[in-house]
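A.B. asks: need coordinates for the below:
(one chain, ligands or ions: 1)
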Amino acid sequence: MSQSRQLFERAQAVIPGGVNSPVRAFGAVGGQPPFIAEAAGAHVRDVDGRDYIDYVCSWGAVILGHAAPGVVQAVQQAAARGLSYGAPTAAEVELAETLCRLVPGLQRVRLVNSGTEATMSAIRLARAATGRDVLVKFAGCYHGHADSLLVNAGSGALTFGVPSSPGVPAELAALTLTAPYNDLDAVEALFKARGGDIAAVIVEPVAGNMGCVLPQPGFLQGLRRLCDAHGALLIFDEVMTGFRVALGGAQARFGVTADLVTLGKVIGGGLPVGAYGGRAELMTQMAPAGPVYQAGTLSGNPLATAAGLATLSQVQQPGFYERLEATAAALMAGLQSAADAAGVPFSTVHVGGMFGVFLRDEPPQNLAQAQQADVARFGRLFRALLEAGVYLAPSAFEAGFVTAAHDAAIIERTLEQARAAFAAV
Ligand code: HOZ
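C.D. replies: So this is what the prediction gives:
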């Protein structure tokens, strides 16, 4: 029995489902998850010594590739100075300054420990600032696992068919209204019916948790307009898209500035981190500047801030995002040709270093369309590629990611395997 299999059996005896985050269990694609022993660049290696070209990349966090030397060194140096102080540091000021300089509309930012914490806190602030309780989110968008947001959610909730989780009080879920992604008319109707109650609209400006779904032209601008017209706040959840689709994230890429932005993943370079921020007048309502409470023992952790600063210094180099996007484009074009040659209905999208692959003719614009993709065939494709040493996200409802370490030779090796895989599924 492989070491991964043995570990998965041991894990299931002590960890629910054997994993610490549901999608990792491979429930949606079949088979057993390889347990990872180490990673470098674009590759991960499992405990049985098998190498994979990785397109999960810590769900987008490691934009420079695994174990990027500058990041590892920064973390090692920080670790030698102590792992956590629970007191202010220079590095967290520097990271906050860097974020405020690079992210549109960010005048104040608070560092937390995960994307979930960031969105949960942003929503509390939006409710406090507007004196309203109702939220609008989009079906298939995932904003972490806070109660108010596990309503029609994407990612693992969607993968495992529990988009609205048991355990979320019905009274709380009733405060979250949902609309189809890319459907401005539906949002307008919600505002017409409940405008005076709506505190905020929260959106993934590129959806990355029902596959990768692009905002249609005018969608984000329309949300901005509706929020302004009704006195609601617009929250961009840029945990995935921040520093991933452009240096200034989706706000810069699509030319729309939100009231509050949440960040995570890339800004921690692979260590646990999250952040939320916006205009000074809003953010100074957070404690201790204001009355809205949020706190955290490990917030602004010195290792996470060191990894984040080292990562952000490299993504600012000229041409970084152009190269990343060219890599994603080459991968998508090659996969499309492989699928076309095999006669498999297939479509792709990519933006910056983020991509989506769909076993259907057209890329989806919303959850209903994403769910029309051939999920069983995705599972077969996923398993064939994994067997050939290519590691995609283990769900048809997740985005994929490339890093600065995915060079032309790695893309070509991936495509060789993909041609064989498509022919077989
Ligand atoms: N919800 C994450 C992807 N959208 C999965 C995180 C993980 O399993 O590590």
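A.B. asks: what segments of the stretch 201-350 of the chain are helices?
C.D. replies: Ranges of helices within the stretch 201-350 of the chain are 219-230, 249-254, 280-283, 302-315, 320-342, based on DSSP state H, counting those that start in this stretch.
A.B. asks: again with the stretch 51-200 of the chain
C.D. replies: 69-80, 90-102, 115-130, 156-159, 170-173, 184-194.
A.B. asks: give me the contact list for the last one.
C.D. replies: Same thing as helix 184-194. Residues outside helix 184-194 that contact it (Cβ atoms under 8 Å, 6 or more residues apart in numbering): 134, 136, 177, 179-180, 198, 201, 218-219, 222-223, 226, 229-230, 232. Bear in mind the C-beta positions are built from the backbone N, C-alpha and C, glycine included.
A.B. asks: how about 7 Å then?
C.D. replies: For helix 184-194, the external contacting residues (Cβ atoms under 7 Å, 6 or more residues apart in numbering) are 134, 136, 177, 179-180, 198, 201, 219, 222-223, 226, 230.
A.B. asks: now pLDDT too, for those residues, in CSV please.
C.D. replies: Output for those, formatted as CSV (pLDDT from 0 to 100):
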residue, pLDDT
V134, 97
V136, 97
L177, 95
A179, 96
P180, 97
I198, 98
V201, 98
F219, 98
G222, 98
L223, 98
L226, 98
H230, 98
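A.B. asks: which of those residues sit farthest apart?
C.D. replies: For those, with distances taken as Cβ to Cβ, the pair at the greatest spread is V134 and F219 (20.6 Å).
A.B. asks: what does the chain put close to the ligand?
C.D. replies: 21, 23-24, 59, 155-156, 209, 398 (Cβ under 6 Å from any ligand atom).
A.B. asks: cutoff 8 Å now
C.D. replies: 19-24, 58-59, 142, 154-156, 208-209, 240, 393, 398-399 (Cβ under 8 Å from any ligand atom).
A.B. asks: wait, doesn't Y321 sit right on A246?
C.D. replies: Yes. The criterion here is Cβ atoms under 7 Å, and Y321 meets it with A246 at 5.7 Å.
A.B. asks: now for these two: what residues contact both?
C.D. replies: Common neighbours of Y321 and A246 (Cβ under 7 Å, 6+ apart) are G352.
A.B. asks: okay, now the unreliable bits of this structure?
C.D. replies: Within the chain, the segments meeting pLDDT under 70 span 161-162.
A.B. asks: and the residue of it closest to the ligand?
C.D. replies: S21 (3.1 Å; Cβ to the nearest ligand atom).
A.B. asks: okay, now that residue: neighbour count?
C.D. replies: 11 (other Cβ atoms under 10 Å).
A.B. asks: for it, what are its contacts?
C.D. replies: G156.
A.B. asks: where's it relative to R244, distance?
C.D. replies: As judged by Cβ to Cβ, to the nearest Å, S21 and R244 stand 19 Å apart.
A.B. asks: ramachandran coordinates for the residue positioned nearest the centre of the chain?
C.D. replies: Central residue of the chain (Cα atoms, centre = their mean): M240, 3.0 Å from the mean position. Per-residue torsions, M240: phi -90, psi -40 (degrees, to the nearest 10).
A.B. asks: leaving out the residues flanking it, which one is nearest to it?
C.D. replies: G208 (4.3 Å; Cβ to Cβ, 6 or more residues apart in numbering).
A.B. asks: my read is that Q372 contacts L359, right?
C.D. replies: No. Counting by Cβ under 7 Å, Q372 does not reach L359; the two are 9.5 Å apart.
A.B. asks: these two: which is more packed in?
C.D. replies: A count of neighbours by other Cβ under 10 Å puts L359 above the other of Q372 and L359, at 21 against 14.
A.B. asks: can you give me the distance of the more buried one to R380?
C.D. replies: Taking Cβ to Cβ, one finds L359 at 9 Å from R380.
A.B. asks: with Y321 instead?
C.D. replies: Taking Cβ to Cβ, one finds Y321 at 34 Å from R380.
A.B. asks: more crowded one of those two?
C.D. replies: Y321 (22 against 16).
A.B. asks: just the buried residues from the contacts of helix 184-194, in PyMOL please.
C.D. replies: Paste this into PyMOL to select the buried members of the contacts of helix 184-194, with burial taken from 16 or more other Cβ atoms under 10 Å:
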select buried, resi 134+136+177+179+180+198+201+219+222+223+226+230
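A.B. asks: list the residues that contact the residue nearest to M240.
C.D. replies: Per Cβ under 7 Å, 6+ apart, neighbours of G208: 240, 354, 399.
A.B. asks: for the second one, grab phi and psi.
C.D. replies: Phi and psi for M354, reported as degrees, to the nearest 10, are phi -130, psi 140.
A.B. asks: okay but Y276 is in contact with M120, surely?
C.D. replies: No. Assessed by Cβ under 7 Å, Y276 is found out of contact with M120, at 9.1 Å.
A.B. asks: same drill for these two, tell me which one is more crowded.
C.D. replies: Y276 (32 against 22).
A.B. asks: distance of that one from S114?
C.D. replies: 11 Å.
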